[in-house]
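> Let's see this in three dimensions:
(one chain, ligands or ions: 1)
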Amino acid sequence: MWKFFFDLQKARIGLLIVVLLLTACSGGSSSGAKEETAVLGDYSDLYQYNAYLLDGHTVRWVSTTIPVYGATGAGWRKAIKRWPTVNFRFVATKPAWGIHILGYDDLGNICGLASFTYDSAGALERCTVKVSILHEDLNCARVTDTITHEIGHCIGVFKHTTDGGLMDEKADGSSEITSSVAAILGLLYTLAPGTDIRDQLLARRPGSMRAMSRYQADGGKRYSRSWH
Ligand SMILES: [Zn+2]
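Reported below is the predicted structural model:
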(Lines give C-alpha, C1' and ligand atoms only; values in the text may rest on other atoms or scores of the structure.)
Protein backbone atom coordinates (compact mmCIF):
# COMPACT_ATOMS: atom_id res chain seq x y z
CA MET A 1 0.00 0.00 0.00
CA TRP A 2 2.76 2.48 0.98
CA LYS A 3 4.84 1.47 -1.99
CA PHE A 4 1.89 2.08 -4.24
CA PHE A 5 1.37 5.46 -2.59
CA PHE A 6 5.00 6.48 -3.13
CA ASP A 7 4.93 5.24 -6.71
CA LEU A 8 1.83 7.29 -7.26
CA GLN A 9 3.51 10.33 -5.70
CA LYS A 10 6.55 9.80 -7.89
CA ALA A 11 4.36 9.48 -10.94
CA ARG A 12 2.53 12.66 -10.00
CA ILE A 13 5.78 14.54 -9.48
CA GLY A 14 7.05 13.15 -12.77
CA LEU A 15 3.88 14.26 -14.52
CA LEU A 16 4.14 17.69 -12.91
CA ILE A 17 7.70 18.06 -14.19
CA VAL A 18 6.64 17.03 -17.68
CA VAL A 19 3.77 19.52 -17.61
CA LEU A 20 6.10 22.28 -16.36
CA LEU A 21 8.65 21.47 -19.05
CA LEU A 22 6.00 21.52 -21.76
CA THR A 23 4.69 24.82 -20.47
CA ALA A 24 8.18 26.30 -20.33
CA CYS A 25 9.07 25.08 -23.82
CA SER A 26 5.92 26.24 -25.50
CA GLY A 27 5.51 29.49 -23.57
CA GLY A 28 6.06 32.51 -25.72
CA SER A 29 6.47 30.66 -28.97
CA SER A 30 3.10 28.91 -28.96
CA SER A 31 0.98 32.03 -29.18
CA GLY A 32 3.20 33.38 -31.94
CA ALA A 33 3.01 30.15 -33.90
CA LYS A 34 -0.77 30.03 -33.59
CA GLU A 35 -1.09 33.61 -34.79
CA GLU A 36 1.14 32.95 -37.74
CA THR A 37 -0.89 29.91 -38.82
CA ALA A 38 -4.14 31.87 -38.67
CA VAL A 39 -2.73 34.75 -40.69
CA LEU A 40 -1.29 32.42 -43.33
CA GLY A 41 -4.63 30.68 -43.67
CA ASP A 42 -6.34 33.98 -44.23
CA TYR A 43 -3.83 35.01 -46.87
CA SER A 44 -4.42 31.78 -48.72
CA ASP A 45 -8.18 32.48 -48.72
CA LEU A 46 -7.50 36.05 -49.75
CA TYR A 47 -5.49 34.77 -52.70
CA GLN A 48 -8.15 32.24 -53.66
CA TYR A 49 -11.06 34.67 -53.48
CA ASN A 50 -9.46 37.94 -54.46
CA ALA A 51 -5.76 38.36 -55.21
CA TYR A 52 -5.63 35.63 -57.87
CA LEU A 53 -7.10 38.22 -60.27
CA LEU A 54 -3.87 40.22 -60.17
CA ASP A 55 -1.52 37.26 -59.71
CA GLY A 56 -1.06 37.71 -55.98
CA HIS A 57 -1.94 41.40 -55.54
CA THR A 58 -5.05 42.56 -53.71
CA VAL A 59 -7.97 44.22 -55.51
CA ARG A 60 -10.20 46.59 -53.50
CA TRP A 61 -11.74 50.05 -53.33
CA VAL A 62 -9.25 52.77 -52.43
CA SER A 63 -11.48 53.84 -49.53
CA THR A 64 -13.43 51.78 -47.01
CA THR A 65 -16.35 54.17 -47.56
CA ILE A 66 -17.88 53.35 -50.92
CA PRO A 67 -20.37 55.59 -52.75
CA VAL A 68 -23.51 53.73 -53.89
CA TYR A 69 -25.87 55.15 -56.47
CA GLY A 70 -29.31 53.80 -57.37
CA ALA A 71 -30.14 51.73 -54.28
CA THR A 72 -33.81 52.64 -54.61
CA GLY A 73 -35.62 49.33 -54.12
CA ALA A 74 -37.38 48.33 -50.93
CA GLY A 75 -34.86 47.08 -48.38
CA TRP A 76 -31.93 47.43 -50.78
CA ARG A 77 -29.93 49.86 -48.62
CA LYS A 78 -30.36 47.61 -45.62
CA ALA A 79 -29.26 44.61 -47.73
CA ILE A 80 -26.13 46.52 -48.81
CA LYS A 81 -25.29 47.74 -45.31
CA ARG A 82 -25.23 44.16 -44.00
CA TRP A 83 -21.61 43.85 -45.11
CA PRO A 84 -19.00 44.32 -42.39
CA THR A 85 -15.59 46.02 -42.76
CA VAL A 86 -16.67 48.62 -45.34
CA ASN A 87 -19.17 51.50 -45.15
CA PHE A 88 -21.52 52.66 -47.86
CA ARG A 89 -22.48 56.23 -48.67
CA PHE A 90 -25.74 56.43 -50.60
CA VAL A 91 -25.52 59.22 -53.14
CA ALA A 92 -28.13 60.93 -55.34
CA THR A 93 -25.89 61.62 -58.31
CA LYS A 94 -23.74 59.17 -60.22
CA PRO A 95 -20.31 59.18 -58.55
CA ALA A 96 -16.98 59.18 -60.41
CA TRP A 97 -16.16 55.86 -58.76
CA GLY A 98 -18.24 53.44 -56.76
CA ILE A 99 -21.17 51.07 -56.98
CA HIS A 100 -24.09 51.66 -59.31
CA ILE A 101 -27.29 49.66 -58.81
CA LEU A 102 -28.88 49.53 -62.24
CA GLY A 103 -32.02 47.71 -61.09
CA TYR A 104 -33.99 45.04 -62.93
CA ASP A 105 -32.98 43.68 -66.31
CA ASP A 106 -33.35 40.57 -68.44
CA LEU A 107 -30.38 38.45 -67.39
CA GLY A 108 -31.41 35.14 -68.93
CA ASN A 109 -31.44 32.40 -66.32
CA ILE A 110 -29.31 34.09 -63.66
CA CYS A 111 -30.66 35.87 -60.56
CA GLY A 112 -28.29 38.81 -60.43
CA LEU A 113 -25.14 40.20 -62.01
CA ALA A 114 -22.21 42.23 -60.71
CA SER A 115 -19.84 43.71 -63.30
CA PHE A 116 -16.77 45.51 -62.11
CA THR A 117 -13.70 47.24 -63.48
CA TYR A 118 -10.37 47.62 -61.70
CA ASP A 119 -6.99 48.90 -62.68
CA SER A 120 -3.73 46.96 -62.83
CA ALA A 121 -2.59 48.55 -59.53
CA GLY A 122 -5.46 46.83 -57.68
CA ALA A 123 -7.97 49.67 -57.34
CA LEU A 124 -11.64 48.95 -58.05
CA GLU A 125 -13.17 51.74 -60.11
CA ARG A 126 -16.76 50.84 -60.75
CA CYS A 127 -19.21 48.03 -60.06
CA THR A 128 -22.68 47.76 -61.52
CA VAL A 129 -25.39 45.51 -60.12
CA LYS A 130 -28.43 44.14 -61.94
CA VAL A 131 -31.26 41.96 -60.69
CA SER A 132 -33.21 39.62 -62.96
CA ILE A 133 -36.72 40.66 -63.96
CA LEU A 134 -37.54 36.94 -63.68
CA HIS A 135 -36.24 36.77 -60.12
CA GLU A 136 -39.38 35.12 -58.77
CA ASP A 137 -39.94 32.75 -61.72
CA LEU A 138 -36.33 31.56 -61.46
CA ASN A 139 -36.77 30.65 -57.77
CA CYS A 140 -34.06 33.13 -56.82
CA ALA A 141 -35.40 33.51 -53.24
CA ARG A 142 -35.26 37.04 -51.81
CA VAL A 143 -34.28 40.00 -54.00
CA THR A 144 -32.56 41.60 -51.01
CA ASP A 145 -30.31 38.54 -50.61
CA THR A 146 -29.39 38.73 -54.30
CA ILE A 147 -28.50 42.40 -53.77
CA THR A 148 -26.31 41.49 -50.76
CA HIS A 149 -24.68 38.67 -52.78
CA GLU A 150 -23.86 40.92 -55.76
CA ILE A 151 -22.50 43.64 -53.45
CA GLY A 152 -20.23 40.92 -52.00
CA HIS A 153 -18.72 40.54 -55.47
CA CYS A 154 -18.50 44.33 -55.79
CA ILE A 155 -16.42 44.72 -52.63
CA GLY A 156 -13.88 41.97 -53.27
CA VAL A 157 -15.30 38.43 -53.11
CA PHE A 158 -14.38 37.33 -56.61
CA LYS A 159 -15.28 33.67 -56.34
CA HIS A 160 -18.22 31.66 -55.03
CA THR A 161 -17.94 29.88 -51.72
CA THR A 162 -19.14 26.34 -51.00
CA ASP A 163 -19.85 26.83 -47.29
CA GLY A 164 -23.64 26.99 -47.42
CA GLY A 165 -23.60 30.78 -47.03
CA LEU A 166 -24.80 33.75 -49.03
CA MET A 167 -21.77 33.78 -51.37
CA ASP A 168 -22.36 30.25 -52.66
CA GLU A 169 -23.18 30.06 -56.36
CA LYS A 170 -26.63 28.74 -55.54
CA ALA A 171 -27.24 30.30 -52.15
CA ASP A 172 -30.63 28.52 -52.02
CA GLY A 173 -32.20 30.97 -49.67
CA SER A 174 -29.21 31.33 -47.36
CA SER A 175 -28.71 34.90 -46.28
CA GLU A 176 -25.74 34.19 -44.02
CA ILE A 177 -22.53 36.14 -44.46
CA THR A 178 -20.21 33.39 -43.20
CA SER A 179 -17.31 34.12 -40.86
CA SER A 180 -14.79 32.95 -43.47
CA VAL A 181 -16.08 35.48 -46.01
CA ALA A 182 -16.08 38.21 -43.36
CA ALA A 183 -12.47 37.27 -42.47
CA ILE A 184 -11.36 37.56 -46.09
CA LEU A 185 -12.81 41.08 -46.33
CA GLY A 186 -11.39 41.98 -42.94
CA LEU A 187 -7.90 41.12 -44.10
CA LEU A 188 -8.39 42.62 -47.57
CA TYR A 189 -9.23 46.08 -46.22
CA THR A 190 -6.31 46.16 -43.78
CA LEU A 191 -4.03 45.99 -46.82
CA ALA A 192 -3.62 48.71 -49.42
CA PRO A 193 -4.98 48.06 -52.93
CA GLY A 194 -2.41 46.12 -54.95
CA THR A 195 -0.59 44.68 -51.91
CA ASP A 196 1.68 41.80 -52.92
CA ILE A 197 0.67 38.84 -50.73
CA ARG A 198 2.65 36.13 -52.53
CA ASP A 199 5.28 35.85 -49.80
CA GLN A 200 2.52 35.23 -47.22
CA LEU A 201 1.24 32.15 -49.01
CA LEU A 202 2.06 28.68 -47.68
CA ALA A 203 2.05 27.03 -51.06
CA ARG A 204 4.30 28.70 -53.55
CA ARG A 205 2.50 29.69 -56.70
CA PRO A 206 4.02 28.67 -60.02
CA GLY A 207 7.13 30.63 -60.94
CA SER A 208 5.53 31.84 -64.15
CA MET A 209 3.30 34.06 -61.98
CA ARG A 210 6.21 36.35 -61.17
CA ALA A 211 7.18 36.78 -64.79
CA MET A 212 3.68 37.16 -66.21
CA SER A 213 1.81 39.34 -63.74
CA ARG A 214 -1.30 41.29 -64.58
CA TYR A 215 -0.28 43.68 -61.79
CA GLN A 216 1.30 47.00 -62.76
CA ALA A 217 2.24 49.56 -60.13
CA ASP A 218 1.23 52.47 -62.38
CA GLY A 219 -2.31 51.13 -62.81
CA GLY A 220 -2.02 51.70 -66.54
CA LYS A 221 -4.24 48.81 -67.56
CA ARG A 222 -7.94 48.36 -66.90
CA TYR A 223 -9.68 45.03 -66.45
CA SER A 224 -13.34 44.02 -66.34
CA ARG A 225 -15.05 41.01 -64.83
CA SER A 226 -18.58 39.83 -64.17
CA TRP A 227 -20.04 37.53 -61.56
CA HIS A 228 -23.59 36.35 -61.25
ZN1 LIG B 1 -22.31 35.35 -57.35
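> Contacts only, for the spatially most central residue of the chain.
In the chain, the centroid-proximal residue (Cα atoms, centre = their mean) is Ile184; its distance is 3.2 Å. For Ile184, the contacting residues are Asp42, Asp45, Leu46, Tyr49, Asn50, Gly156, Val157, by Cβ atoms under 8 Å, 6 or more residues apart in numbering. Every residue, glycine included, has its C-beta placed from N, CA and C.
> ok, so of those, who is nearest Ser175?
Taking Cβ to Cβ as the measure, Ser175 lies nearest Val157 of the contacts of Ile184, at 15.0 Å.
> Secondary structure class of that closest one, three-state.
coil (DSSP: H, G, I helix; E, B strand; the rest coil).
> Pull the contacting residues for it.
Contacts of Val157 by Cβ under 8 Å, 6+ apart are Tyr49, Asn50, Met167, Val181, Ile184, Leu185.
> contacting residues around the nearest residue to the third one once chain neighbours are set aside?
Closest residue in space to Met167, ignoring its immediate chain neighbours: Thr161 at 4.4 Å, by Cβ to Cβ, 6 or more residues apart in numbering. Going by Cβ under 8 Å, 6+ apart, Thr161 touches Tyr49, Met167, Asp168, Thr178, Ser180, Val181.
> In terms of secondary structure, what does the helix or strand where Ala114 lies contact?
Using DSSP states H and E, Ala114 sits in strand 112-119. On a contact count with 3 or more Cβ pairs under 8 Å, 6 or more residues apart in numbering; DSSP states H and E, strand 112-119 meets strand 124-132, helix 143-155, strand 222-227.
> Alright, that wraps it up for me.
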